[in-house]
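Undergrad: Quick one: sequence and predicted model below, then my questions.
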Amino acid sequence: MKAPVPAVGIFDSGVGGLSVWRELVRLAPQIPTLYVADQAHVPYGPRPPEEIRRFAEAITRFLRDQGAQVIVLASHTSSAAALWPLREAFPEIPFVGIEPAVKPAAARTRSGVIGVLGTFGTLNGPLMARVVERFARDVRVVPRVCTGWVEQVEAGLLEGPEAEARVRIHLDPVLQAGADVLVLACTHYAFLAPLIQRLSGPEVLLIDPAPAVARRALEVWRVQAGELSQSSEPTARFFTTGDPLRFQEQLHRLIGWEGRVEHLHWDFPKRSLSLEE
């Protein structure tokens, strides 16, 4: 009997982590994937870290039970709040997280000013403070909490006058401060990247962490899968704690995926997730 191929589990509060999923599948279409969008709780950014940790632990248990042997926290906010606690709670599972890409931004700025666009939970946490201390001592870092951008992406408002006005509110002050490199420190923002780039101009560099995270997830998966990595049948399952039909529409619009979305139910007394039949 052929051994099952390990799956990569990916989770986020919503559609943002699809930017990582898209890159991973582009690199290795044969990888089985499981994606959980916790849209019942989107956005994670304003929530307390301990609440995000509870969500992340329950999602990890679900993904593990569904066959995930590598789990990607496709969210800066989740990584900042839960990556290390998850590694302690589930030592048998390799986790791949995301940190704000301050290091490459600091290396590539010409003006000496970098902008970091993210959520409150990411930009005001200890992870952000550590990466700035380690990698940005010689540059000026302009952080900007981009309130409303996650909800904007969830609503599919990616282009047009209203989308442009919402982006300019947060983008213009960072550009006026002299930033010539912009770090997208939220995976949702990857879907606004074309608009951000157009408004910023070609002289401004955008850094999206999704490709680097996908490459790292692939490296870890190959260690777990071994020889199976070359012969697996590609499968993708998508789950949401929100409205499955709405998520199905988002999948089609953002990544061109067609298929069934499975609905997850939160059992709050047990702090667990279950499939709704």
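TA: Perfect, I can see it now.
Undergrad: tell me which residues form a beta bridge with the residue lying closest to Ala177 once chain neighbours are set aside?
TA: In this structure, Ala177 finds its nearest non-sequential neighbour in Val142, 4.7 Å apart by CB to CB, 6 or more residues apart in numbering. For glycine as for every other residue, the C-beta is placed from the backbone atoms N, C-alpha and C. Judged by DSSP bridges, the bridge partners of Val142 are Gly115.
Undergrad: what about Val142, how many neighbours?
TA: When neighbours are defined as other CB atoms under 10 Å, Val142 has 18 of them.
Undergrad: so what's it up against?
TA: Val113, Ile114, Gly115, Val116, Pro173, Val174, Ala177, Ala179 (CB atoms under 8 Å, 6 or more residues apart in numbering).
Undergrad: what's the answer for Thr33, then?
TA: Taking CB under 8 Å, 6+ apart, we find Thr33 in contact with Ala7, Val8, Gly9, Ile10, Trp21, Leu24, Val25, Thr235, Ala236, Arg237.
Undergrad: just Arg108 next, same as before
TA: Contacts of Arg108 by CB under 8 Å, 6+ apart are Val181, Leu205, Ile207.
Undergrad: Arg137: which of the residues you listed is nearest?
TA: Val181 (15.9 Å; CB to CB).
Undergrad: now the strands for this structure?
TA: 7-12, 33-37, 68-73, 95-96, 113-118, 140-145, 181-185, 205-207, 236-240, 261-267, 272-275 (DSSP state E).
Undergrad: could you dump these to CSV with distance to Arg168 and mean pLDDT?
TA: Formatted as CSV, the strands of the chain follow (distance: least, CB to CB, whole Å; pLDDT from 0 to 100):
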stretch, distance to Arg168, mean pLDDT
strand 7-12, 25, 97
strand 33-37, 28, 98
strand 68-73, 30, 97
strand 95-96, 33, 98
strand 113-118, 13, 98
strand 140-145, 12, 98
strand 181-185, 13, 98
strand 205-207, 16, 98
strand 236-240, 30, 97
strand 261-267, 33, 95
strand 272-275, 38, 91
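Undergrad: will you turn those into JSON lines that also has distance to Arg222?
TA: What follows is the strands of the chain, written out as JSON lines (distance: least, CB to CB, whole Å):
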{"stretch": "strand 7-12", "distance to Arg222": "11"}
{"stretch": "strand 33-37", "distance to Arg222": "14"}
{"stretch": "strand 68-73", "distance to Arg222": "10"}
{"stretch": "strand 95-96", "distance to Arg222": "13"}
{"stretch": "strand 113-118", "distance to Arg222": "30"}
{"stretch": "strand 140-145", "distance to Arg222": "34"}
{"stretch": "strand 181-185", "distance to Arg222": "26"}
{"stretch": "strand 205-207", "distance to Arg222": "25"}
{"stretch": "strand 236-240", "distance to Arg222": "18"}
{"stretch": "strand 261-267", "distance to Arg222": "27"}
{"stretch": "strand 272-275", "distance to Arg222": "28"}
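Undergrad: who's in contact with the nearest residue to Pro104 once chain neighbours are set aside?
TA: For Pro104, ignoring the flanking residues on the chain, the nearest one in space by CB to CB, 6+ apart is Ile207 at 5.8 Å. By CB under 8 Å, 6+ apart, the residues touching Ile207 are Ala101, Pro104, Ala105, Arg108, Val181, Leu182, Val183, Leu184.
Undergrad: 6 Å instead, please
TA: Counting by CB atoms under 6 Å, 6 or more residues apart in numbering, Ile207 touches Ala101, Pro104, Ala105, Val183.
Undergrad: Over to Asp180?
TA: So Asp180 contacts Thr109, Arg110, Ser111, Val204 (CB under 6 Å, 6+ apart).
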